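A.B. asks: Build the 3D model from these lines:
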Amino acid sequence: MRSAVYTLLAAVIVSPAIMAGRSTQCPISREKASLSDTQTLSFDPAGVIQLERSFGDVEIEGWDRPEVEITTIRTSHKKYAQQELAAAERDLNRIAITAVKTGEDQLKIMTDFPAHAAASLHGKPDTELKYVIKAPARAKIVVHHDVGQVNVANFLGDIEVTNRVGEIGLRLKDPSAYRVDARARIGDVASDVGCSVGQNVVGQQLVSSNDEDARPQLYLRVGIGDISIRKIKW
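C.D. replies: Numbering: from 1, shown residues only. Below you'll find the predicted structure:
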């Protein structure tokens with residue numbers, strides 16, 4: 001009986017110390033894996049820049065330099081312990097984003113996902129992608145996007161953007177200087193172009209062009225999502 005009492009008393013004394021020890025342990029620090037890459041290429045100011053199979057967020061801005069600067073950022077959705085980050089970064093690096101020039105006036109930027117990647121949405125890996133591109137303001141821009149948001153700002157030439165699911169946003173010095181053909185299959189089209197002669201807004205559609213119109217063209221298509229065409233406010 002006496003030994004049982006001593007055992008119980010020892011448990012009462014030791015248990016708070018054990019609990020205190022446990023409470024002072026720091027939780028394991030976790031963070032997202034991320035890779036960033038920037039490259040700069042010389043380019044004809046009046047050339048064509050084509051972005052194919054992009055996924056995530058795209059930001060394209062016009063500037064006055066005869067070159068293209070491409071920054072790509074790959075970020076995991078999942079958080080990893082410190083010892084797991086190197087392997088997670090290797091997985092991110094398997095998403096290949098390449099820029100290939102054909103002469104000084106043609107540039108194609110391609111995104112290729114590894115076939116074995118764990119898919120979370122329409123066959124794409126569980127990864128956030130962001131493209132930040134700066135290019136000559138007179139260049140023609142062509143973007144064929146999959147899922148996410150595409151923003152294009154401060155350009156003067158033709159702009160073609162298609163997006164399967166997401167949003168298309170344009171900010172231009174003078175939207176009225178363009179022929180506009182913008183359509184959202186499921187979504188809205190909002191524009192600062194207005195409804196002058198020859199322009200018709202019908203539900204999710206804005207058309208302001210004819211065969212004899214020599215202005216540069218905005219050709220915009222989204223499957224599910226919205227389109228916005230706004231004037232830059234400096």
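A.B. asks: Out of the helices and strands in this structure, which is least certain?
C.D. replies: Of the helices and strands making up the chain, the lowest-confidence element is strand 200-201, at a mean of 42, by mean pLDDT, DSSP states H and E.
A.B. asks: wait, what's in contact with the nearest residue to Lys101 once chain neighbours are set aside?
C.D. replies: Ranked by C-beta to C-beta, 6 or more residues apart in numbering and with sequence neighbours excluded, the top spatial neighbour of Lys101 is Leu107, at 5.3 Å. Heads up, the C-betas are built off the backbone N, CA and C, glycines and all. With contacts defined as C-beta atoms under 8 Å, 6 or more residues apart in numbering, Leu107 is in contact with 41, 43, 47-50, 68, 99-101.
A.B. asks: Pull out the buried residues from those residues.
C.D. replies: Neighbour-count burial (16 or more other C-beta atoms under 10 Å) is assigned, among the contacts of Leu107, to 43, 47-50, 68, 99.
A.B. asks: Can you tell me which of the residues you listed lies closest to Gly148?
C.D. replies: Taking C-beta to C-beta as the measure, Gly148 sits nearest to Gln50 out of the buried ones among the contacts of Leu107, at 17.3 Å.
A.B. asks: Got the confidence number for that closest one?
C.D. replies: Predicted confidence (pLDDT) for Gln50: 98.
A.B. asks: who does the helix or strand hosting it pair up with?
C.D. replies: Secondary structure assignment for Gln50, by DSSP states H and E: strand 48-63. Strand 48-63 pairs in its sheet with strand 106-112 (parallel), strand 127-136 (parallel), strand 140-153 (parallel), by DSSP bridges.
A.B. asks: where does this protein have low pLDDT?
C.D. replies: Across the chain, the ranges flagged by pLDDT under 70 are 1-27, 116-125, 194-205, 208-212, 234.
A.B. asks: Quickly list what the residue nearest the centre of it is bridged to.
C.D. replies: Ranked by distance to the mean C-alpha position of the chain (C-alpha atoms, centre = their mean), the top residue is Asp57 at 1.2 Å. Residues in a beta bridge with Asp57, per DSSP bridges, are Lys130, Gln149.
A.B. asks: which one of the buried ones among the contacts of Leu107 is nearest Phe155?
C.D. replies: The closest of the buried ones among the contacts of Leu107, once distances to Phe155 are taken by C-beta to C-beta, is Ile49, at 9.9 Å.
A.B. asks: quick one: the nearest residue to that closest one once chain neighbours are set aside from Arg185, how far?
C.D. replies: Nearest residue to Ile49 in three dimensions, chain neighbours excluded: Leu107, at 5.0 Å (C-beta to C-beta, 6+ apart). As for Leu107, its distance to Arg185 is 29 Å (criterion: C-beta to C-beta, to the nearest Å).
A.B. asks: and if you look at Asp64?
C.D. replies: Distance check for Asp64 against Arg185: by C-beta to C-beta, it reads 36 Å.
A.B. asks: more crowded one of the two?
C.D. replies: Comparing Asp64 with Arg185 by neighbour count (other C-beta atoms under 10 Å), the higher total belongs to Arg185, at 12 against 9.
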